[in-house]
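Engineer: Structure, please.
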Amino acid sequence: MPDLLLELRSEEIPARMQRKAAGDLKKLVTDALVEAGLNYEGAREYWTPRRLTLDIRGLSARSADIREEKKGPSVSAPQAAIDGFLRGAGLTSIDQAIVKTDPKKGDFYVAYLDKPGRAADAIVADIMPGIIRTFPWPKSMRSGPASMPKGSRFAGIDGKGSEALRWVRPLQSIVCTFGTDHDETVVIPFEIDGITAGNVTYGHRFHAPGAITVRRFDDYVASLEKAKVILDAERRKQIIGQDAANLAFANGLDLVEDEGLLEEVSGLVEYPHVLLGTFEQDYLEIPAEIIRLTIKTNQKCFVTRPHGETEGLSNHFVLVSNIQAKDGGKEIMHGNGKVVRARLSDAKHFWTRDQGDLPDLETLKASAEKFDLDLKKPLDQRMAKLDALNVTFHAKLGTQGERVARIRALAKELAPITGADAALVDRAVVLAKADLRTEAVGEFPELQGLMGRRYALLQGEDAAVAAAIEDHWKPNGPSDRLPEDKVGLTVALADKLDTLVGFWAIDEKPTGSKDPYALRRAALGVVRMILERGVRLRLRRAIVRASWSFRNMPVPLGTLANQITTENVTEYAEALTKISEDAVSIKGVEDLRRTFASLTVLDFFHDRLKVYLRDQGARHDIIDAVLTPEADDLLMVARRAEALTAFVTSEDGINLLAGTKRATQLLAAEEKKGTVVADGVSEALLTLDAEKALFAAIRTASAEATDAVAKEDFRSAMQALSKLRAPVDTFFDDVLVNDEDVAIRANRLALLKAIREATGTVADFSKIVS
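Structural biologist: Have a look, this model is predicted:
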């Protein structure tokens, strides 16, 4: 079967776009080919800074013939309807149609349309212009005469202009060949924006810029390699990584690996060569993180460290060139070294200035008093400046200073729960955002938190406070580490809870795939900290406490909270007091509405908890069985799920499931029918031995299970409940639940309800798939 080779060559494509663009090209082309009736054996995409390439193997030479059935009107339909049917079907006479009979609709006309298959090259020529014109680049540009304004003398031959092709960078040539391994390939010469597809490509911009005629993929790759272009991005990455490590080792150094930088650099070169640059030793006084980011961000170079060391850096860096220089790269290394030194000089300036006093300390006294700051310390000055300038956190959520005040109040409530030192937590909170006003973080936002930790240690802060300043941003993803100690954990929890409750208060929730404020990540971070650090946090109370700080925010419309009115405000206030004893300070309809609106964030935590537990291997039905809408102690939910997972496959677990399911399913069926169920079991109405024995077993099992749950021994609770299997079986063998006597029937159903209530102290076993 024939193969298809496609290359779209342009000026340099930004490295960050290349991989996705190549994948998009593969999907768009293969989907269009399949939709047109072609099949293929395999397809692989490739990319370099100047080209996107697609290699499709085993493509059908022709699409299959198709016979379509077109239904027409009834045989008794007006002539106008029949004429319309003939035109639509391409028939000249109704005699060319056949008559079919439908038992309900009667006789009607049907036409069969035979559509012959099409040659693959014709299909490719049809689909490619549309794919190229509508290609989903994040950013694109127009180029050439067609991009000029209409009426311009440069707008083309007719002077009218046309709809210009938008491509990420000007498109220069297209290769499109088609054929088998053994036959001569053919060019599929489609045209777009004055560029006609052919069989000519071009090599390296400097080393081999001449034209190269290609036939099929194998000789295309070989020809490009001779022309100093390595097509496979993964191979370029391997060459860069290996050569860089070898060069560093040869000079007594170790390469500091950076996968993200390696991916980017491989998209900047078609023919990589690694070189070793250097800078003055004095710059090593700057923190390693600043040096690494300066060199990475500005020059796309790798840093090194002395061989065998795990920390610190050397004054050598590895750069990747796209050319094989005649002088061995001396000029390239010299030029990069000059730029790196200039950038490091700026970085050193930032680092030094951040340790000095600000010039306007008198204007910061009010902010310093507000947050108990010491204006003799540089980091305290930056926090005071952050507050004094009223730097906005979010237009609807106030300033960074207001946010720190909210986090401070919430962290004070959380410290006794986490067991953290309250004074250290308070100090860490007021300094946590201070580095946002440092010049180093202003230049490199990625260093927020980390620079705060460095500056805190320099001014003599407690090590736990310094660590918390960095760690309160963590975990910054599912694989990121958690805060180091309880102080950092407390500040991180307060920070993320404030963020989540705040955005819920202004109705800025994640929707579908959109999550601009990374709220899913924040919620997962809270879940991970609670579960992996064993924190017994009642989320409802924490959410209520956090919501108090947003009293000036408008209540989002359309929430259940707006059901609160002046008539029922007392009822809701009493319900809130049961959640948090301190909630009595919340007064008025608006405050209560806001608080109940914020409580809907608990459902969001439940969703993140489900994701986390499934990733840990928990079954979805077990998660559903232990997670109730009211559950706000996530640690206990996780422990119940863990115990239940281990228990359900044991003999006791099988007994428990069998015994409870039989009872709860019958009860649910009767409740659905509206059958009366007594409020409680009346011993006076228990007439048979089997139902008396079951009632006694329920009371015993329920008491044992309740006691075990109180001790958080969920396995023992389930073992106690599993003893119900035998009396339940006997009950169903000997007792007719739906007795003719209404009172007895209601009492026996109450007995089944007691089983459901007893087992419900551990989990909803009806949701477990046996």
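Engineer: May I have the secondary structure class of the closest residue to A631 other than its chain neighbours?
Structural biologist: Ranked by Cβ to Cβ, 6 or more residues apart in numbering and with sequence neighbours excluded, the top spatial neighbour of A631 is V637, at 5.2 Å. Using the backbone N, CA and C atoms, a C-beta is placed for each residue, glycine as well. Taken by DSSP: H, G, I helix; E, B strand; the rest coil, the conformation at V637 corresponds to helix.
Engineer: same thing with G241?
Structural biologist: helix.
Engineer: Look at the closest residue to M1 other than its chain neighbours and report its pLDDT.
Structural biologist: Using Cβ to Cβ, 6+ apart and skipping residues adjacent in sequence, the residue nearest M1 is G58, 4.3 Å away. In this model, G58 is scored at 94, pLDDT.
Engineer: change the start of the numbering to 22 and stick with it
Structural biologist: Okay, residue one is now 22; in that scheme the one you just asked about reads as G79.
Engineer: hang on, isn't G79 packed against L59?
Structural biologist: No: assessed by Cβ atoms under 8 Å, G79 is found out of contact with L59, at 10.4 Å.
Engineer: sorry, back to before: residues in contact with the residue nearest to M22?
Structural biologist: 22, 24, 60-63 (Cβ atoms under 8 Å, 6 or more residues apart in numbering).
Engineer: Most neighbours among those, please name it.
Structural biologist: D24 (22 neighbours; other Cβ atoms under 10 Å).
Engineer: now the protein, which segments are flagged as low pLDDT?
Structural biologist: Flagging of the chain using pLDDT under 70 yields the residue ranges 165-184, 572-619, 791.
Engineer: Give the residue farthest from the middle of it.
Structural biologist: With Cα atoms, centre = their mean as the measure, the chain has its most outlying C-alpha, relative to the mean C-alpha position, at D116: 60.7 Å.
Engineer: Roughly how far does that residue sit from L340?
Structural biologist: Taking Cβ to Cβ, to the nearest Å as the measure, D116 and L340 are separated by 80 Å.
Engineer: picking up where we left off before, if I look at the residue nearest to A652, how far off is S366?
Structural biologist: Taken as Cβ to Cβ, the span from V658 to S366 is 54 Å.
Engineer: ok, now M354?
Structural biologist: From M354 to S366 the distance is 18 Å (Cβ to Cβ).
Engineer: So for the two, which residue has more residues nearby?
Structural biologist: Regarding M354 and S366, a neighbour count based on other Cβ under 10 Å identifies M354 as having more, with 19 against 15.
Engineer: does that one sit in a helix, a strand or a coil?
Structural biologist: helix.
Engineer: Contacts only, for L274.
Structural biologist: 325-328, 335, 337.
Engineer: which residues sit in contact with the residue farthest from the centre of the chain?
Structural biologist: Applying Cβ under 8 Å, 6+ apart, no residues qualify as near D116.
Engineer: same check, this time on A455
Structural biologist: 400-401, 403-404, 407, 473, 476, 490.
Engineer: Considering those, which possesses the most neighbours?
Structural biologist: Neighbour max across the contacts of A455 (other Cβ under 10 Å) = I490, 32 neighbours.
Engineer: Doesn't that one lie inside a helix?
Structural biologist: Yes: counting by three-state DSSP, I490 is part of a helix.
Engineer: Please identify the helix or strand for the closest residue to it other than its chain neighbours.
Structural biologist: Among residues not flanking I490 along the chain, G473 sits closest, at 4.0 Å (Cβ to Cβ, 6+ apart). Using DSSP states H and E, G473 maps to helix 471-479.
Engineer: Show me what that helix is packed against.
Structural biologist: helix 309-320, helix 399-409, helix 443-453, helix 460-464, helix 484-492 (3 or more Cβ pairs under 8 Å, 6 or more residues apart in numbering; DSSP states H and E).
Engineer: 6 Å instead, please
Structural biologist: helix 484-492 (3 or more Cβ pairs under 6 Å, 6 or more residues apart in numbering; DSSP states H and E).
Engineer: Run the angle between the helix it packs on and helix 471-479 for me.
Structural biologist: Calculated by axes from the mean of the first three to the mean of the last three Cα atoms, to 10 degrees, helix 484-492 forms an angle of 170 degrees with helix 471-479.
Engineer: Quick check: K48 vs K247, distance?
Structural biologist: From K48 to K247 the distance is 31 Å (Cβ to Cβ).
Engineer: List the buried residues in stretch 194-210.
Structural biologist: 194-200, 206, 208-209 (16 or more other Cβ atoms under 10 Å).
Engineer: circling back: select only the buried ones of the contacts of L274 in ChimeraX?
Structural biologist: ChimeraX command restricting the contacts of L274 to the buried ones, with burial defined by 16+ other Cβ under 10 Å:
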select :325,326,335,337
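Engineer: Excluding sequence neighbours, find me the nearest residue to D673.
Structural biologist: Nearest non-adjacent residue to D673 (Cβ to Cβ, 6+ apart): S743, at 4.1 Å.
Engineer: cool, and S570?
Structural biologist: R427 (4.0 Å).
Engineer: Look up how far T373 lies from that neighbour.
Structural biologist: For R427 relative to T373 (Cβ to Cβ), the value is 33 Å.
Engineer: Who has more neighbours out of the two?
Structural biologist: Legend: neighbour count by other Cβ under 10 Å for R427 and T373, higher for R427 (25 against 12).
Engineer: That one against F571, yeah?
Structural biologist: No: judged on Cβ atoms under 6 Å, R427 makes no contact with F571 at a distance of 8.0 Å.
Engineer: Check the burial of the nearest residue to P399 once chain neighbours are set aside by counting its neighbours.
Structural biologist: Leaving aside its sequence neighbours, P399 sits nearest to Q376 (Cβ to Cβ, 6+ apart; 5.5 Å). Neighbourhood size, Q376 [other Cβ under 10 Å]: 13.
Engineer: and Q376, how far is that from L457?
Structural biologist: Distance from Q376 to L457, by Cβ to Cβ: 16 Å.
Engineer: same thing with A488?
Structural biologist: Distance from A488 to L457, by Cβ to Cβ: 18 Å.
Engineer: Got the phi and psi for N336?
Structural biologist: Here is the backbone geometry of N336 (degrees, to the nearest 10): phi -90, psi 30.
Engineer: same deal with the one 3 residues further on?
Structural biologist: Comment: the main-chain dihedrals of V339 come out as phi -110, psi 130, following degrees, to the nearest 10.
Engineer: circling back: can you list the contacts of L274 in JSON lines and add secondary structure?
Structural biologist: Output for those, formatted as JSON lines (three-state DSSP):
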{"residue": "T325", "secondary structure": "strand"}
{"residue": "R326", "secondary structure": "strand"}
{"residue": "P327", "secondary structure": "strand"}
{"residue": "H328", "secondary structure": "coil"}
{"residue": "S335", "secondary structure": "coil"}
{"residue": "H337", "secondary structure": "strand"}
